[in-house]
Structure formats: structure tokens, C-alpha cells
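Colleague: take a look and give me a structure for this.
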Amino acid sequence: MPSADHRPQQPQPAPVPVAERYRRFAEREARGRSPLYERFALGVADDRQLLSLLEQLPPDKQQPNLLFVAVLYLGGRQPDYRSFRAFVLEHADQLVATMLARRTQTNEVGRCALLLPVLAALPGPLALVEVGASAGLCLLPDRSAYDYAGTIIGDPAAPLRLACQPYGPVPIPARPPEVVWRRGIDLAPIDLDDPDAVRWLECCVWPDQPQRLARLRAAVGIARADPPVVVRGDLLELLGPVVAQAPAGATVVVFHAATLVYLPEPGRQRFAELMAELPATWIWAEGPGVVWGLDALLDRSMTADQAVFLLGEGPRRLVGLADPHGGWLQWLNPTA
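Modeller: Predicted coordinates for the structure are as follows:
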């Protein structure tokens with residue numbers, strides 16, 4: 001791979017105004033998924049007082065999900081925008097402190113249903129490394145059952161069954177892959193024995209989606225029985241050393257979902273360079289524009305009006321479009 005000095009640089013997007021960030025969240029991410037958060041986001045987008053409060057925060061702390069999680073964590077579910085607004089204004093200092101100290105860690109285990117067809121196609125056994133692992137729930141794809149429109153994969157009696165609607169020629173596997181080793185990397189791993197940390201994780205689930213909260217709690221129960229190791233630190237510094245620990249004879253897979261979006265562009269480029277150097281397969285699920293170069297392979301009309309993930313293998317192979325929470329997977333003709 002060319003060195004960073006000789007790689008073409010992705011143009012840096014202009015900062016998005018806070019009001020526009022909230023309006024986009026309402027229209028592209030919450031609409032059709034969370035009526036409550038759609039109303040909250042549209043309310044904030046037109047609320048000069050709340051926008052002024054958010055504009056004082058660093059850009060990475062202005063995101064809608066972080067504000068909504070902090071309100072839910074500190075004050076519980078607010079029934080309407082009027083109550084939400086009143087809580088924000090009455091507890092502004094506490095909210096700002098919480099948002100500065102924490103980050104969203106939506107450990108959405110439903111994404112395992114997106115990754116499974118790609119993981120199961122690799123030669124086993126597998127050694128998994130997840131960057132941005134949070135509590136490591138997605139490091140356990142072999143401990144759940146899956147329901148792809150009535151096709152059940154894994155143990156039907158498993159305590160967690162993940163439902164995913166397939167579209168197109170999704171290569172649904174006969175069984176989950178064999179995983180012999182797993183490690184996660186995260187700046188602030190979630191300790192599943194810490195009730196407050198788990199409550200924050202639960203608050204990252206949108207409150208009008210009780211089915212997601214139920215599967216999160218089921219996944220936490222599974223993980224507590226045999227927790228995966230999640231190493232604390234910067235993924236760019238730790239990725240190489242962690243991959244080097246994987247056992248010989250296993251196919252090493254580095255994967256992530258909604259992680260690189262939080263890295264600045266130089267960090268994303270450095271991550272791609274690391275993956276080109278490491279003896280590992282790279283699988284990812286991220287929003288459009290995060291893994292640079294793949295947008296050219298995508299019909300933009302397919303992602304114009306909704307939040308979707310792109311599912312890919314390596315830096316140049318786009319295999320599918322997906323619901324960010326794992327509800328559906330549309331298989332594309334893979335491009336080498």
C-alpha cells in the first residue's frame with residue numbers, strides 16, 4: 001500500500017451546523033425507528049437555547065445520541081419534547097459534565113446477524129479481534145441463534161435469537177463459525193459486573209425500542225457467564241500487538257461496526273494501513289463515507305433517505321447494505 005505521504009487525501013467535509021446534525025438525525029436515523037427521538041431531534045434543531053448550549057461543546061460531544069443517552073441516564077425517559085427541554089435546561093451543568101466524560105457505546109448485538117454470513121464463509125477456526133468493542137457482546141457470534149426469515153441458525157434453545165430479514169442472495173450459513181479466541185479493544189471497556197456501567201449501556205438503547213433492550217440484557221447475561229477479554233487503550237496503538245497474540249492455525253479476523261466513524265480521517269487512513277500490514281481479514285459495518293473509496297461502488301440513491309450501514313470485507317469489497325441495528329441485510333454482488 002502506498003505510504004500516507006503519497007496516498008490521495010479524502011477531502012475534509014465542512015463542519016455540519018448543530019441544528020443540521022439534529023435535523024439529519026431525525027430524518028435519516030430516527031424516522032421510522034424511534035418516533036420519540038425523531039420528535040426530540042426536530043425540537044432541538046429549532047430550539048435556539050438548546051443549540052447554544054450544544055455549540056459550546058466540542059464537535060464530537062454535540063451528537064444527538066450522546067445528548068439523548070445522557071438525559072435518559074440522568075433523568076429517565078421524558079414523555080415529550082416539552083419535558084425533555086425542561087430537563088436539559090434545569091440540569092445543563094450535570095448534562096454537560098456527563099457528555100464530556102462519557103461516550104456513546106451502543107453495543108448492538110443485533111449486528112452479529114450482519115457479520116455472520118461473512119464470518120462463516122472464512123476458513124475456521126476463527127480468532128476474533130473487535131475494535132471499539134465496548135462490553136464485547138459482538139465478540140460472541142457463536143453463542144446466539146439466528147433467524148433469517150424463518151431459517152434458524154445455531155441452537156434453537158439459545159437464550160438469545162437474533163432476527164434479520166435477508167434480501168437478495170445472502171449466503172446464510174448452515175451453522176455459526178467456530179471461534180477459538182477473541183479479544184476486544186476499547187478506550188473505555190464496559191465492565192459487566194459494574195451496575196452503573198451496564199445502566200449506561202442500557203441507556204444507549206433508544207427507549208421506545210423495548211425489543212432491543214431485551215436482547216441487550218440477554219446478551220449481557222450470556223457474556224457474564226464467560227466474559228470476552230476487552231483491552232483498554234487506543235486501537236491504533238494496540239491493534240498490532242493484540243493480533244500478534246492470536247493462536248497459530250486460526251484465521252484472524254479484525255472487525256468493527258460504527259467505530260471508525262469516531263476516528264478523524266488521518267486515524268482512518270492509519271487504520272487501513274495497519275490492516276494492509278497485519279495477517280488478518282478485515283470485516284466492517286460502517287456508514288457511507290467512513291471507509292473511503294467504497295462510495296464509488298454504491299448507488300447513492302439507495303442510502304439517500306435512510307441511515308444504512310455498508311457491509312464490507314477489506315478496503316475494496318462491498319458486500320451488502322444493512323440496517324444499523326441488524327434488522328435487515330441486503331446482499332449485493334460482491335466487488336473485488
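Colleague: please report how far A26 lies from F255.
Modeller: In this structure, A26 and F255 are 30 Å apart, going by CB to CB, to the nearest Å. C-beta here means a position set from N, CA and C on the backbone, and glycine is covered the same way.
Colleague: sorry, wrong one. I was asking about E277.
Modeller: From E277 across to F255, the span is 17 Å (CB to CB).
Colleague: of these two, which one has the most company?
Modeller: The neighbour count for E277 versus F255, taken as other CB atoms under 10 Å, is higher for F255 (25 against 11).
Colleague: is it fair to say the more buried one lies in a helix?
Modeller: No. Secondary structure assignment (DSSP: H, G, I helix; E, B strand; the rest coil) places F255 in strand, not in a helix.
Colleague: could you find the closest non-adjacent residue to it?
Modeller: Ranked by CB to CB, 6 or more residues apart in numbering and with sequence neighbours excluded, the top spatial neighbour of F255 is I283, at 4.3 Å.
Colleague: give the contact list for the residue nearest in space to the middle of the chain.
Modeller: The chain has A258 as the residue nearest its centroid, 3.3 Å off, counting by CA atoms, centre = their mean. A258 sits next to 106, 108, 132, 285-287, 309, 324 when contact means CB atoms under 8 Å, 6 or more residues apart in numbering.
Colleague: all helices of the stretch 51-200 of the chain, in order?
Modeller: Assigned by DSSP state H, counting those that start in this stretch, the helices in the stretch 51-200 of the chain fall at 64-75, 81-90, 92-101, 112-120, 195-203.
Colleague: low-confidence ranges, the stretch 201-336 of the chain, go.
Modeller: Counting by pLDDT under 70, the ranges of the stretch 201-336 of the chain that qualify are 292-306, 333-336.
Colleague: so which residues of it form helices?
Modeller: With DSSP H, counting those that start in this stretch as the criterion, the stretch 201-336 of the chain has helices at 210-225, 235-244, 265-277.
Colleague: hey, what's the residue nearest to F255 bridged with?
Modeller: F255, E313 (DSSP bridges).
Colleague: separation between it and L128?
Modeller: Relative to L128, and taking CB to CB, I283 is found at 10 Å.
Colleague: show the contacting residues for the closest residue to D147 other than its chain neighbours.
Modeller: Taking CB to CB, 6+ apart as the measure, D147 lies nearest to A163, with 4.4 Å between them; neighbours along the chain are not counted. Remark: with contacts taken as CB under 8 Å, 6+ apart, A163 is in contact with 113, 146-147, 327.
Colleague: quick check, nearest of those to I185?
Modeller: A113 (22.5 Å; CB to CB).
Colleague: contacting residues around the closest one?
Modeller: For A113, the contacting residues are 146, 148, 162-164, 326, 329, taking CB under 8 Å, 6+ apart as the criterion.
Colleague: pretty sure H325 sits against R111.
Modeller: Yes. With contacts counted by CB atoms under 8 Å, H325 reaches R111, the gap being 7.4 Å.
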